[in-house]
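K.L.:
Kindly generate the corresponding structure for this input.
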Amino acid sequence: MITFTDVTTRETFSVCFIGNVLLVSYTGSLVEKAIDQEGKPTPWNSRKFRTVSQTLSSGSMFRFYVLNNRLKDYMKVFFEDGSDLALSFGESTSFLATDIDLSDDYIEFSGTLGIHDSIPSYIRALSRIEPGKGRSQSVVSDQAALYLNLTFSDFSIFLDELKKQYQTGDSSGFADIEKDLGQIEKLLKVSLNDDFFGWIGNEITLVKLAPGANSREEDVVAFFHAPDMDKAKNGLDHLCRQIKRRTPVKFKEYDYKEFHINMLAMKGFFKIFLGKLFENIEKPYFTYIDDYVV
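P.N.:
Residues are numbered from 1 along each chain as shown. A predicted model of the protein is given here:
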């Protein structure tokens with residue numbers, strides 16, 4: 001093992017060959033650990049890793065691999081208690097393997113994600129249905145720091161698949177969800193399938209805008225595709241009217257640049273069924289832009 005030292009900054013990095021593999025790190029102990037693991041069983045020589053890595057092309061400039069069950073530990077570097085979303089992703093998937101290609105204008109990742117058969121998840125539900133074509137980038141701000149796009153040929157098919165998975169994987173938890181949804185419908189005298197789920201088209205997008213001075217972690221914008229905007233407006237108007245009539249919740253409504261902004265005051269509703277992806281969307285404000293409920 002050879003260690004190089006920058007005589008000006010005193011920064012060092014270590015180099016070592018193992019067979020035809022070159023190991024380089026600014027932390028010598030990491031190279032030593034790699035040497036110690038040579039020839040031992042590791043996740044990287046498992047069948048699941050070979051399955052995803054063999055799907056990659058031979059002509060890409062770089063390859064990028066992630067051991068997904070370590071994502072939570074990695075996220076703890078940036079967040080005090082890690083990330084629930086990273087934990088969920090790590091539990092339901094095995095490896096991410098991608099090719100990386102560079103052009104003058106962008107970096108493109110393209111690859112394969114290993115999905116566990118036994119754990120219900122958004123990713124597994126999405127893998128079992130036909131994808132749709134996303135168009136929300138046309139209405140998303142160019143200040144978006146994160147753009148997460150879920151597409152499906154038909155939302156109702158995705159919803160049915162998600163129900164099947166959770167009913168099989170967590171029957172008691174699914175029964176609690178069904179009970180909560182039933183209580184909401186009974187209290188408000190509404191049909192959530194007609195007034196909310198029924199108008200969603202083939203795309204849901206989550207956007208985190210570039211943070212400003214007063215930004216909060218939960219500041220997320222969701223775009224729900226609504227191919228029949230009249231149906232979406234009628235459903236949400238009905239929900240809002242029933243909430244006003246049957247609960248003490250106070251609404252804040254106002255107009256901004258010719259857009260009417262309302263509030264859907266059903267605390268916890270999104271988390272009840274749509275899970276951790278939407279757990280921070282509480283009492284959201286909403287409006288209509290093109291064919292999206294935002």
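
K.L.:
pLDDT (mean, whole number) over the strand or helix carrying residue 223?
P.N.:
Assigned by DSSP states H and E, residue 223 falls within strand 221-225. For strand 221-225, mean pLDDT rounds to 92.

K.L.:
Would you mark the buried spots in the helix or strand that that strand is followed by?
P.N.:
Of the helices and strands lying after strand 221-225 in sequence (DSSP H and E), the nearest is helix 229-246. Buried residues in helix 229-246, counted by 16 or more other C-beta atoms under 10 Å: 232, 235-236, 238-240, 242-243. Yep, even glycine has a C-beta here, placed from its N, CA and C like the rest.

K.L.:
with the residues you listed in mind, which one is nearest to residue 194?
P.N.:
Residue 194 lies nearest to residue 235 out of the buried residues of helix 229-246, by C-beta to C-beta, at 6.3 Å.

K.L.:
Wasn't residue 149 part of a strand?
P.N.:
Yes: under DSSP: H, G, I helix; E, B strand; the rest coil, residue 149 falls within a strand.

K.L.:
For this protein, just list every one of the strands.
P.N.:
2-5, 12-18, 21-25, 62-67, 93-102, 107-115, 144-151, 203-209, 221-225, 254-256, 259-263, 285-286, 288-289, 292-293 (DSSP state E).

K.L.:
wait, which of those strands is closest to residue 182?
P.N.:
Going by C-beta to C-beta, the one of the strands of the chain nearest residue 182 is strand 221-225, 22.5 Å.

K.L.:
what angle separates that closest one from strand 203-209?
P.N.:
Per axes from the mean of the first three to the mean of the last three C-alpha atoms, to 10 degrees, the angle that strand 221-225 makes with strand 203-209 is 160 degrees.

K.L.:
angle of strand 221-225 against strand 144-151?
P.N.:
Using the same axes, to 10 degrees: strand 221-225 against strand 144-151 is 30 degrees.

K.L.:
where are the low-confidence patches of the protein?
P.N.:
Residues of the chain meeting the criterion pLDDT under 70: 80-85, 217-218, 267-282.

K.L.:
Could you look over the strands of the chain and pick the most buried one?
P.N.:
Ranked by mean neighbour count, the strands of the chain are led by strand 292-293 with a mean of 22 (mean count of other C-beta atoms under 10 Å).
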